[in-house]
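Asks: turn this into a structure:
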Amino acid sequence: MLKNKNSHFNIANLFTFGNITMGTIALLLILNEQYIWTCVFTWLGGFLDIFDGKMARKYNLSTEFGVQLDSYADLLTFVIVPILLVYNSILNVETNIFSYTIICIVLVYYVISGIRRLITFNLKANVGEVEKYFEGFPTPLGAICLFIIFVLNQFIEINIYIDLLLISIVAYMLNSKVKVKHP
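Replies: Below is the predicted model of the structure:
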């Protein structure tokens, strides 16, 4: 079963389900304002994300199901978790309706950019093949950038509009033409 390409529970997909588990735990940690642990579990999800692809290639387990499953896991762990972390820890402050509207627009822009990036990647993907370079930031790199924004805000007070600008730039980079070497 673990090396059966047709099993939804083969070893590659089990790593992806592990990524989903880490993302879910990270979401629950955000609700409890355990932000450092959120980062730890997201990093663990990233570790599992690297190995799902390696296992799929090593054991010839790549399938359309696995490609789709991986993107759903990435949406949770590398798009939803980081944006909620940044919102809860930095942007969730008492603001006027104008500021709150801008915050909502930027966060929705990031989520839509992440979803668009994952869908575009899936449409271009050939099952079992790995490109040498990603076009645009992969969602785990976007998550790392948002975590850097989170960490910076723990040490220095950054204007909320600077944070929103940085988040917008990362959202843009998800679908840019920038080439990022595949690990």
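Asks: where does the protein have its least confident helix or strand?
Replies: strand 133-135 (a mean of 87; mean pLDDT, DSSP states H and E).
Asks: so which bits of it are buried?
Replies: Neighbour counts over strand 133-135 (16 or more other CB atoms under 10 Å) mark 134-135 as buried. Every residue, glycine included, has its C-beta placed from N, CA and C.
Asks: now do stretch 14-28
Replies: 14-23, 25-27.
Asks: could you give me the average pLDDT of that stretch?
Replies: Mean per-residue pLDDT for stretch 14-28: 98.
Asks: and what of stretch 37-53?
Replies: Mean predicted lDDT for stretch 37-53 stands at 95.
Asks: longest helix of this structure, counting residues only.
Replies: helix 97-124 (DSSP state H).
Asks: report all helices and strands that that helix contacts.
Replies: helix 64-75, helix 81-86, helix 139-155, helix 160-174 (3 or more CB pairs under 8 Å, 6 or more residues apart in numbering; DSSP states H and E).
Asks: and the shortest one, what does it pack against?
Replies: Under the contact criterion of 3+ CB pairs under 8 Å, 6+ apart, helix 81-86 touches helix 11-31, helix 35-58, helix 97-124, helix 139-155, helix 160-174.
Asks: ok, and which of these has the densest surroundings?
Replies: helix 11-31 (a mean of 20; mean count of other CB atoms under 10 Å).
Asks: could you check the angle it makes with helix 35-58?
Replies: Angular relation of helix 11-31 and helix 35-58 on a 0 to 180 degree scale: 170 degrees, by axes from the mean of the first three to the mean of the last three CA atoms, to 10 degrees.
Asks: coming back round to it: for N126, which of the helices and strands packed on helix 97-124 is the nearest?
Replies: helix 64-75 (9.5 Å; CB to CB).
Asks: tell me the angle of the closest one relative to helix 35-58?
Replies: Using the same axes, to 10 degrees: helix 64-75 against helix 35-58 is 160 degrees.
Asks: what's the average pLDDT for helix 64-75?
Replies: Rounded mean pLDDT across helix 64-75 is 95.
Asks: stretch 86-106 now?
Replies: 91.
Asks: list the contacts of that stretch.
Replies: Contact with stretch 86-106 is made by 30, 33, 35, 107, 146, 149-150, 153, 160-161, 163-164, 167-168, 171, as judged by CB atoms under 8 Å, 6 or more residues apart in numbering.
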